[in-house]
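A.B. asks: Sequence and predicted structure are below.
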Amino acid sequence: MGYEPQADFGTPASTAGTQVTLTIDGRAVTVPAGTTVMRAAAESGGSIPKLCATDSLKQFGSCRLCLVEIEGARGTPASCTTPVAEGMVVHTQTPRLQKLRRGVMELYISDHPLDCLTCSDNNDCELQDQAAAVGLRDVRYGYSGENHLGEMPDISNPYFDFDPSKCIVCSRCVRACDEVQGTLALTIDGRGFDSKVSAGLASDDFLSSECVSCGACVQACPTATLQEKAMKEIGKPERAVVTTCAYCGVGCTFRAEMRGEQLVRMVPWKDGKANRGHSCVKGRFAWGYANHKDRITRPMIRKSLDEPWQVVSWDEAIRYTAAELKRIKDQHGARALGGITSSRCTNEEAYLVQKLVRAGFGANNVDTCARVCHSPTGYGLSQTFGTSAGTQDFDSVMDADVILVIGANPTDAHPVFGSRMKRRLREGAKLIVIDPRRTDLVRSPHIQADHHLALQPGTNVAVLTAMAHVIVTEDLANEAFVRERCDWDEYQDWARFVSDARHSPEALEPVTRVPAEEVRAAARLYATGGNGAIYYGLGVTEHSQGSSTVMAIANLAMATGNVGRSGVGVNPLRGQNNVQGSCDMGSFPHELTGYRHISNEAVRRQFEADWGVPLDPEPGLRINNMLDAALDGSFRAIYIQGEDILQSDPNTHHVAAGLKAMECVIVQDLFLNETANYAHIFLPGSTFLEKNGTFTNAERRIQPVRKVMEPANGYEDWEVTQLLANAMGLDWHYGHPAEILDEIARLTPTFAGVSWERLERDGSLQWPVNEKFPDGSPIMHVDGFVRGKGRFIVTDYVPTDEKTGPRFPLLLTTGRILSQYNVGAQTRRTPNVLWHDGDVLEIHPSDADNRGIKDGDWVKLASRTGETTLRALVTDRVAPGVVYTTFHHPSAQVNVVTTDYSDWATNCPEYKVTAVQVLPSNGPTDWQEDYASWSERSRRIRSEIEVEAAE
Amino acid sequence: MDIDRLAYMANQIARNFGTLPDDKAAQETARHIIAFWDPRMIGQTLESGLPLLSPVARAAMEQVAAARSSRAA
């Protein structure tokens, strides 16, 4: 496509079922009831001038440009606020209207700088377009009167500027902040001529205000008032390519707007079904890492970790890598080799890595980042419902009446979906939050959780069992649903178990520290408040009972009949952009694509026939098992594509020891990440802008990723895997990811109907897509559970073995922040560091006071595993006894304190519960200093050293 | 691999089937280990971890061993 912006119909579409026919400028037009005259005109090919209207926002009726004449109606009503009526006859272009519109436009232009030719918005400006549309020829008032032309721009935000001299006070930015983003950071300050857009208080600029830099205001602005800095610096794009964001599991669709091979801006795509035209600070703006100076674009090898890196050709790198892998395989057997697929890479890339491990290495030692995030979701939902994925699409939240958020912080970690959820909450849906910390969702403008159960970390199962106790013992269960859809005997076993008095909220209150009455009220609300939808995150899964908690959630949804239609369901908010996809692609050591067990002979035979090699029938090692096995010498080589396990996985010392024990660590990444400090071979990776393929988001939506520039490293990541596979004797000939997708579809029943051509046509597809569901499955388990009967599983609360005590009296829980993503390798290399330049430790005022800690102090955070230092943030967001931090920065390397405890079923680490002590500190720990110097030494590159020496 | 850790994992699985009668819990634990454990983890637990196991986990590992030998045969 060229660069033309997406069509703007002026006001949102109506979803009414009944149709209305009217006449606009002599054209008969049929639209849904409730459509505005403005939209009806636009949908039928017309264009009524407008400035304050845009179809992402509710009509406002302030600019007076969209006036129309309606036969039989008095005056000239605004078309944006006038709904269509049967038989209505509308005239949109009459001499009278032209005159009125010109008069309005004259007033706007009399207070607008006439620098169009040198304006960065030239030819991309709605004000300019509308001035042309109304036929403005002169401004009778002149330009010398009082005006706003001298006002200074606010350039505080790193990504966009606010230039009040160009503002027409249409309020689109304010309304976008209110309606689309839901932050309500902007307002119109003053009255009449003094009216102006203001971020926060008078003393604030955009950066210091509550603005979260989502870009909705920039998107809504019809002039150059709010505009990306890049547009000023680079200029207007000349083409646009629709692609999928590579941050987080929401999977927003963007237009990558390009000038040659240079990305100018990422603009949210209104037809994106996951984001519906919205974006967050990461996807919209934080893509500068793609060309960051730290990016490594040439392969490098070294014999030992003490040596500097040696830059080599691709040929040599691949030959050397294959030789090393073959040598180790010959000496120690196939099971000494393994790989990790990337949840940041495409489905096709994850598929090829697991294929290389299984078919090329000859072992099933393949795992992925979901091991450490949502593996309990896979286990728990497959046991209860029969599918390892969430049940709904994101649109479903708009039909929810009660939203139950457990261990998730969507406004930080899934911000675009968080905004959708907030919109529904502002419309009146009830909210229950189960979280040890007061997340933003608990209390934010126009939103107040009806119940916040601030539980003791590690007691999820106890709280959910207590809720189940209330639902069953107070006869609130939907027995008709259970009898029809679930195994009745298993339900009765479960109901008996939860009804036991020892599971009452009162009995469990000493364990959960949640007032029993609050638990009762929350349970009643969820069971009786209409459509109940559960959204959960890593606060559920990253526990020693992560899988049990997922099953407890599924039990609650089944018991209340909240499965199988819009507005309800069980919704895991997946972390990384393609973590759902990497799981679907057979990245777990025990299963092939589509979650089919490796011991299933029929399935294995199908793959063996297709791939032309025999496969190991027994499960392989998980990531944490690989590290354990490295220490006893039975695991010696690992191929890691696009993951930074040293920083992201728990107990850093253990990870480091495991990696150090291996003979061959291959890291394929954009940067020399922390894991690469322990690598022998570095294969440079490519960004999502440099490759074709697909990502699958948290709603099982498979979406195309399109290449907009050539890979700086020379190859897309799947091509690198293919080079390695062929060097190891496999005979692969994929020319495009579409061919890999065809193979996936051929071998995976839930993907049978998926193809690149189909995605090009439909934009996206939600699996399963097959004979039974030819157009995909926005909502699952509609006519019955995938496994047949829904299965209730008794989940007994088993406390974690990680205990507080006199030496470690506090509980640490970890999470994420809006501006940073995962290990921060991408976002730390963007101006997002302005919002968050280091991990901080949130600590309650009473705990801080007891320890003589003040806000901003350096503190030492110590556990039985390790210790680090970081700055304290004294806040009552956390309860006394609980501290909280993020893991975005290697300087703090918070995972040095997390433990080896993990989920009983999946080994998903228990990041959310670590017994710690917090004490004042003077500076970095010995470990931090040692690691910093190790890092520096490990990142030396020989050619650079030689250049330095020569200088 | 660290035998204490392997034994801890087996015991933890058994503990999470704790509401079932012991024989059923052992069966579920065995099924889980067969489905999700790499052969060397099973081998090492059978070789040197049995004394570290709870009765249910131990019974489960015996079932795992039996299943392996019947498959081998």
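C.D. replies: Cool, the structure landed.
A.B. asks: So in terms of bridging, what pairs with the closest residue to residue A:287 other than its chain neighbours?
C.D. replies: What sits nearest to residue A:287 in space, not counting adjacent residues and going by Cβ to Cβ, 6 or more residues apart in numbering or on different chains, is residue A:266, at 6.1 Å. Backbone N, C-alpha and C define where each C-beta goes, glycine included. Bridge pairing for residue A:266 (DSSP bridges) gives the partners residue A:256.
A.B. asks: ok, residue A:266 touching residue A:286?
C.D. replies: No. The criterion here is Cβ atoms under 8 Å, and residue A:266 misses it with residue A:286 at 9.3 Å.
A.B. asks: Could you report the neighbour count for the residue nearest to residue A:287?
C.D. replies: Counted with other Cβ atoms under 10 Å in any protein chain shown, the neighbours of residue A:266 add up to 24.
A.B. asks: State the pLDDT value of it.
C.D. replies: On pLDDT, residue A:266 comes in at 97.
A.B. asks: Chain B versus that one, what's the distance?
C.D. replies: According to Cβ to the nearest Cβ, to the nearest Å, residue A:266 and chain B sit 40 Å apart.
A.B. asks: where does chain B dip in pLDDT?
C.D. replies: Within chain B, the stretches with pLDDT under 70 are B:73.
A.B. asks: Chain A contacts on that one?
C.D. replies: B:1-2, B:5, B:9, B:12-13, B:15-16, B:18-20, B:32, B:34-41 (Cβ under 8 Å from any Cβ of the partner chain).
A.B. asks: on that earlier part again, so who does the residue nearest to residue A:287 touch?
C.D. replies: Going by Cβ atoms under 8 Å, 6 or more residues apart in numbering or on different chains, residue A:266 touches A:245, A:254, A:255, A:256, A:257, A:279, A:283, A:284, A:285, A:287.
A.B. asks: The third one and residue A:267 touch, don't they?
C.D. replies: Yes. If you go by Cβ under 8 Å, residue A:255 and residue A:267 touch, sitting 4.6 Å apart.
A.B. asks: Tell me the predicted confidence for the residue of the stretch 251-400 of chain A found nearest chain B.
C.D. replies: For the stretch 251-400 of chain A, the residue closest to chain B is residue A:335, as judged by Cβ to the nearest Cβ, at 6.9 Å. What the model reports for residue A:335 is a pLDDT of 97.
A.B. asks: Switch the contacts of residue A:266 over to CSV; also include neighbour count and pLDDT.
C.D. replies: Listed next are the contacts of residue A:266 as CSV, based on neighbours: other Cβ atoms under 10 Å in any protein chain shown; pLDDT from 0 to 100:
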residue, neighbour count, pLDDT
A:245, 29, 97
A:254, 23, 97
A:255, 22, 97
A:256, 24, 97
A:257, 23, 97
A:279, 30, 98
A:283, 28, 97
A:284, 27, 98
A:285, 26, 97
A:287, 23, 96
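A.B. asks: which residues touch residue A:295?
C.D. replies: A:289, A:670, A:671, A:684, A:712.
A.B. asks: Can you say which of the residues you listed are buried?
C.D. replies: Neighbour counting by 16 or more other Cβ atoms under 10 Å in any protein chain shown classes A:289, A:670, A:671, A:684, A:712 among these as buried.
A.B. asks: thinking again about what came up before, return the residues in contact with the residue of the stretch 251-400 of chain A closest to chain B.
C.D. replies: Residues near residue A:335 by Cβ under 8 Å, 6+ apart: A:363, A:365, A:616, A:620, A:634, A:635, B:38, B:39, B:40.
A.B. asks: before we move on, the earlier item: show me the common contact partners of residue A:255 and residue A:267, please.
C.D. replies: In contact with both residue A:255 and residue A:267: residue A:240, using Cβ under 8 Å, 6+ apart.
A.B. asks: coming back round to it: so which pair among the buried ones among the contacts of residue A:295 is furthest apart in space?
C.D. replies: Greatest spatial distance in these: A:289 and A:684, 13.9 Å, computed using Cβ to Cβ.
A.B. asks: Return every residue with contacts to both of those two.
C.D. replies: Here residue A:289 and residue A:684 share the contacting residues A:295, A:670, scored by Cβ under 8 Å, 6+ apart.
A.B. asks: thinking again about what came up before, which of the contacts of residue A:335 fall in helices?
C.D. replies: Counting by DSSP state H, these place B:39, B:40 in helices.
A.B. asks: Out of the contacts of residue A:335, which comes closest to residue A:301?
C.D. replies: Nearest member of the contacts of residue A:335 to residue A:301, counting by Cβ to Cβ, is residue A:635, at 20.8 Å.
A.B. asks: how many neighbours does the nearest residue in space to that closest one that is not next to it in sequence have?
C.D. replies: Spatially, and ignoring its direct neighbours in sequence, residue A:635 is nearest to residue A:629 (3.7 Å; Cβ to Cβ, 6+ apart). Counted by other Cβ under 10 Å, the residues lying close to residue A:629 total 26.
A.B. asks: Doesn't residue A:629 lie inside a strand?
C.D. replies: No. With DSSP: H, G, I helix; E, B strand; the rest coil as the criterion, residue A:629 is helix rather than part of a strand.
A.B. asks: Report the separation between residue B:39 and residue B:68.
C.D. replies: Using Cβ to Cβ, to the nearest Å, residue B:39 is found at 8 Å from residue B:68.
A.B. asks: residues contacting residue 19?
C.D. replies: Answering for chain A, as no chain was given. A:30, A:31, A:32, A:33 are the contacts of residue A:19 under Cβ under 8 Å, 6+ apart.
A.B. asks: That was the other one, I meant chain B.
C.D. replies: A:497, A:794, A:796.
A.B. asks: Contacting chain B as well, which ones from these?
C.D. replies: With Cβ under 8 Å from any Cβ as the criterion, these include A:497, A:794, A:796 near chain B.
A.B. asks: Which of the residues you listed fall within strands?
C.D. replies: Secondary structure defined by DSSP state E assigns none of these to strands.
A.B. asks: Can you lay out the residues you listed as TSV showing pLDDT, neighbour count and distance to residue A:77?
C.D. replies: What follows is those, written out as TSV (pLDDT from 0 to 100; neighbours: other Cβ atoms under 10 Å in any protein chain shown; distance: Cβ to Cβ, whole Å):
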residue	pLDDT	neighbour count	distance to residue A:77
A:497	98	18	63
A:794	97	20	63
A:796	95	18	65
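A.B. asks: Am I right that residue A:566 is in contact with residue A:396?
C.D. replies: Yes. The criterion here is Cβ under 8 Å, and residue A:566 meets it with residue A:396 at 4.8 Å.
A.B. asks: Between the two, tell me which one has more neighbours.
C.D. replies: More crowded of residue A:566 and residue A:396, by other Cβ under 10 Å: residue A:396, with 23 against 18.
A.B. asks: The more buried one in helix, strand or coil?
C.D. replies: Going by three-state DSSP: residue A:396 is helix.
A.B. asks: if I pick it, what's in contact with it?
C.D. replies: The contact partners of residue A:396, taken as Cβ under 8 Å, 6+ apart, are A:533, A:566, A:567, A:568, A:569, A:571, A:778, A:779.
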